[in-house]
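Asker: Just need the structure, nothing else, for what follows:
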Amino acid sequence: MPEELPEHGITPSMVAAGTTMPEQHVIDAAVHTVRSLCGWHVWPVREETVTVDTTGDDVVFLPTKRLHNVTEVSIDNEQIPPGEWSFSADGMLQLTRRPPAGFRRLAATITHGYDEVPDLAGVIGQMARRAGAPQESYQVGGISVGAPGAVTPQSTEWRIVDLYKLGPMP
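Answerer: Numbers count the residues shown, from 1 in each chain. Here you go, the predicted structure:
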């Protein structure tokens, strides 16, 4: 019977190494950790409505680094016609008029995300394998290396996570 593919697309057989095959819930935890660290879902491409704060500037940053399309924009529940806004691929929405400043004032229906992220999926696989194999930790002086049971990136993996991480939002 084939494995059921989760929304993020990573299954235990995909990250198995030798005899180590993490359970799906450990992989899901690693995916959740990475997405939380990045500040957005990253992959796969999906449509969703996001609600963001506005600063009163005509440029609004949407929580994505890979914006494919914007189909709807509203400010304080008032629909803004498509000719009054444009967007960039890295998540900036420019309005022809300045919105009022405030929390959760702008909503946008967007299609965003990467089709696949093999480098990030590799990091998630490593994290899941480490979390599922606590015997692989060891002591160096008074420091435990390997963080048994933890689902966190290690130092070299942060470089990859940082590629997908949102910057500071205004």
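Asker: What does the pLDDT read for the closest residue to Val52 other than its chain neighbours?
Answerer: With CB to CB, 6 or more residues apart in numbering as the criterion, Val52 has its nearest non-adjacent residue at 5.4 Å, and that residue is Leu106. Yep, even glycine has a C-beta here, placed from its N, CA and C like the rest. Note for Leu106: predicted pLDDT of 98.
Asker: From the contact counts, what lies against whatever helix or strand Leu106 lives in?
Answerer: Assessed by DSSP states H and E, Leu106 sits inside strand 102-112. Applying 3 or more CB pairs under 8 Å, 6 or more residues apart in numbering; DSSP states H and E, we find strand 102-112 packed against strand 46-54, strand 67-75.
Asker: Average pLDDT for the first one, rounded please.
Answerer: Taken as a whole, strand 46-54 has a mean pLDDT of 97.
Asker: got the contact list for it?
Answerer: With CB atoms under 8 Å, 6 or more residues apart in numbering as the test, strand 46-54 has contacts from 60-64, 71-72, 75, 99-113, 169.
Asker: Try it again at 10 Å.
Answerer: Residues from elsewhere that reach strand 46-54 (CB atoms under 10 Å, 6 or more residues apart in numbering): 7, 40-41, 60-64, 68-69, 71-72, 74-76, 91, 93, 95, 98-113, 169-170.
Asker: Selecting buried members of the residues you listed in PyMOL, what would you type?
Answerer: Selection of buried members from the contacts of strand 46-54 for PyMOL, criterion 16 or more other CB atoms under 10 Å:
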select buried, resi 40+41+60+61+62+63+64+75+91+93+95+99+105+106+107+108+110+112+113
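Asker: Run the chain-centre distance for stretch 59-75.
Answerer: 15 Å (CA atoms, centre = their mean, to the nearest Å).
Asker: what about it, how long is it end to end?
Answerer: 13 Å (CA to CA, to the nearest Å).
Asker: What mean pLDDT does that stretch get?
Answerer: The average pLDDT within stretch 59-75 is 97.
Asker: same question, stretch 23-33
Answerer: Taken as a whole, stretch 23-33 has a mean pLDDT of 91.
Asker: Show me what the residue nearest to Val52 is bridged to.
Answerer: Val52, Ile75 (DSSP bridges).
Asker: Which parts of this protein are helices?
Answerer: Per DSSP state H, the chain carries helices over the ranges 12-15, 24-38, 118-132, 155-164.
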